[in-house]
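[1] Just the structure for this:
(chains A and B)
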Amino acid sequence: MYREFNIQEKVLMFLNSIGAIEPGKARNPHELAIVINEDVSKVIETLENLLQNGYVGKAGNNYFLTEKGIIRLMRSFS
Amino acid sequence: MKILHLTWEYPPRIVGGLARHVYYLSKELSKLGNEVLVITLEFPNVVIEEYKDNLHIYRVKVELASYDFLTWCYAFNHFFEKKIGMVAKEVDLIHAHDWLVAISAISAKYLLGKPLVSTIHSLEIGRVGSLSNPLSVVIDNIEWWLTYESKNVITTSEFMKRQLIEHFKLPGEKITVISNGIEFREFDYMINKAEIRAMHGLPIENKLVGFIGRITEQKGVRYFIEAVPKILNKYGNVNFVVVGDGWQIDEMKELAKKLGIDWAVKFMGYLPDESLKNILKALDVLVIPSVYEPFGIIALEGMSAGVPLVASSVGGLDEILENEVDGLKVPPRNPDAIADAVFKLLIDESLRNRLVENARRKAIKFSWEEIAKRTMDVYEKVKNV
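    Numbering: from 1, shown residues only, chains lettered A, B, ... in the order given. As a prediction, this is how the structure comes out:
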């Protein structure tokens, strides 16, 4: 029923894996694009969409996972 | 007894029913005179240590970066092990909840030389439907490893017990069924339905039918959406709410649009506990269309809240509910059956009242106090083997 991860899931998953769950640990979209092997413009578009829905937060030009984002990600595994 | 619980979720990190399960169970176990330690994951803006009435909560920070979700799991288990070494050397028993903490739980069993009990709240094969990708195969393997290493495996329904026996070939005598519980009093209060509906921008005069849960394939929300036009054809004055969040939310909104019923369905997203309870109580019918449900705590919540239920006859739901006595059961993946059952409840007030009364009488029996006592029996048994 799941486990085919879309770009939103990949982004949230990577932010979680590297511990970017607070503003001080926010990560750059260029770095994210390289790691998840996606086009940077697509990653920025995804992050902005996630930001609008409250799943990620923004610190300068970098992004981090919010409480809501953590819960959404974890719901795929429990 | 000094008991160590390992769980990846604990309030306010509430991913699913597991967090509430460990919260209430650990609280009741401590009330029974046990010293209870809970090691769990950190959550933004929450204290990392709490202590109250023999109950210690330790929230662990994951200080290593990982490559992907699985290596992250191994990493957080490493930090769990570190915390166990720091605070839990003297425990009498280790209790693990689900595959995510299996690695640290099994390490603790051998390092501390104490018995391991695990509760399997759900299985990968059920959540995903098949083991057709590498990650699911690994998770399935870890789940088996945890059950193999545990002296006793607790599950929340007979359905889950059968699944463990069939899928992992576990001996039945190693498995104990202890249901989930409900804090009945938390749902036993009066609300002004009109006020709650108005607060959420919902029509006051119409009937309100709702789904509450994760928006995932497992929860079957698509069958609820597909039932909506069928209900509207039979009963005009009704609105619908979908409460919850999940990966399918955009797909479900699209489906509602495609069916031309998006005007009648409000997607409310994730709601905090208090609002969630109020919305639940403001419903005229709660639909639980799951296709896989190890237990189905939402059914107990609906029953305690005094809301008539329409639920799939799957897993734990099938065991909790008696058809036409305390709810209406429908076959899974069947929007026609959902629509018929909802219509039946909408037009028949005496049926609604009868089901609600019986359901409330049943729900009150699922107390956490009783569940904690039964869990203690398991602990005593494994300690004495």
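[2] what's the span of stretch B:213-222, first residue to last?
    Stretch B:213-222 has an end-to-end distance of 12 Å (Cα to Cα, to the nearest Å).
[3] and what of stretch B:305-318?
    So stretch B:305-318: terminal residues 19 Å apart, Cα to Cα.
[4] again with stretch B:7-19
    8 Å.
[5] Please name every helix or strand in contact with the lengthiest helix in chain A.
    Secondary structure of chain A per DSSP state H: the longest helix is helix A:40-52. In terms of contacts (3 or more Cβ pairs under 8 Å, 6 or more residues apart in numbering or on different chains; DSSP states H and E), helix A:40-52 is packed against helix A:7-17, helix A:29-36, strand A:56-59, strand A:62-65. C-betas here are computed from N, CA, C, even on glycine.
[6] quick check: angle from the first one to helix A:40-52?
    So that's helix A:7-17. 80 degrees (axes from the mean of the first three to the mean of the last three Cα atoms, to 10 degrees).
[7] which other residues reach helix A:7-17?
    With contact meaning Cβ atoms under 8 Å, 6 or more residues apart in numbering or on different chains, helix A:7-17 is reached by A:5, A:21, A:27, A:32, A:35-36, A:38, A:42-43, A:46-47, A:49-50, A:55-56, A:63-65, A:69-70, A:72-73, A:76, B:65-69, B:71-72, B:247.
[8] Now find how far off-centre that helix is within its chain.
    4 Å (Cα atoms, centre = their mean, to the nearest Å).
[9] Please point out which parts of that helix sit buried.
    A:7, A:8, A:9, A:10, A:11, A:12, A:13, A:14, A:15, A:16, A:17 (16 or more other Cβ atoms under 10 Å in any protein chain shown).
[10] any idea which of those is closest to chain B?
    For these, the residue nearest chain B by Cβ to the nearest Cβ is residue A:17; the value is 4.2 Å.
[11] who in the stretch 101-250 of chain B is up against chain A?
    With Cβ under 8 Å from any Cβ of the partner chain as the criterion, the stretch 101-250 of chain B meets chain A at residues B:121-122, B:127-129, B:133, B:135-136, B:139, B:214, B:216-218, B:245-247.
[12] try the stretch 251-385 of chain B
    residue B:270.
[13] got the contact list for whichever residue of the stretch 251-385 of chain B sits closest to chain A?
    The nearest approach of the stretch 251-385 of chain B to chain A comes at residue B:270, 6.5 Å away (Cβ to the nearest Cβ). Contact analysis of residue B:270 by Cβ under 8 Å, 6+ apart lists A:68, A:71, B:244, B:245.
[14] related to what we said a few turns ago, just the buried ones out of the contacts of helix A:7-17, please.
    If you count burial by 16+ other Cβ under 10 Å, the buried members of the contacts of helix A:7-17 come out as A:5, A:21, A:27, A:32, A:35-36, A:38, A:43, A:46-47, A:50, A:55-56, A:63-65, A:69-70, A:72-73, A:76, B:66, B:68-69, B:72, B:247.
[15] who touches stretch B:152-168?
    B:117-123, B:125-126, B:143-144, B:147-148, B:170-172, B:174-180, B:294-295, B:314-316, B:318-319, B:375, B:378, B:381-382.
[16] Tell me which of these fall in strands.
    The strands, defined by DSSP state E, take in B:117, B:118, B:119, B:120, B:175, B:176, B:177 from these.
[17] Filter the residues you listed down to the buried ones, ChimeraX style.
    In ChimeraX syntax, the buried subset of the ones in strands among the contacts of stretch B:152-168 is picked out as below (16+ other Cβ under 10 Å):
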select /B:117,118,119,120,175,176
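[18] That concludes my questions; thank you for your assistance.
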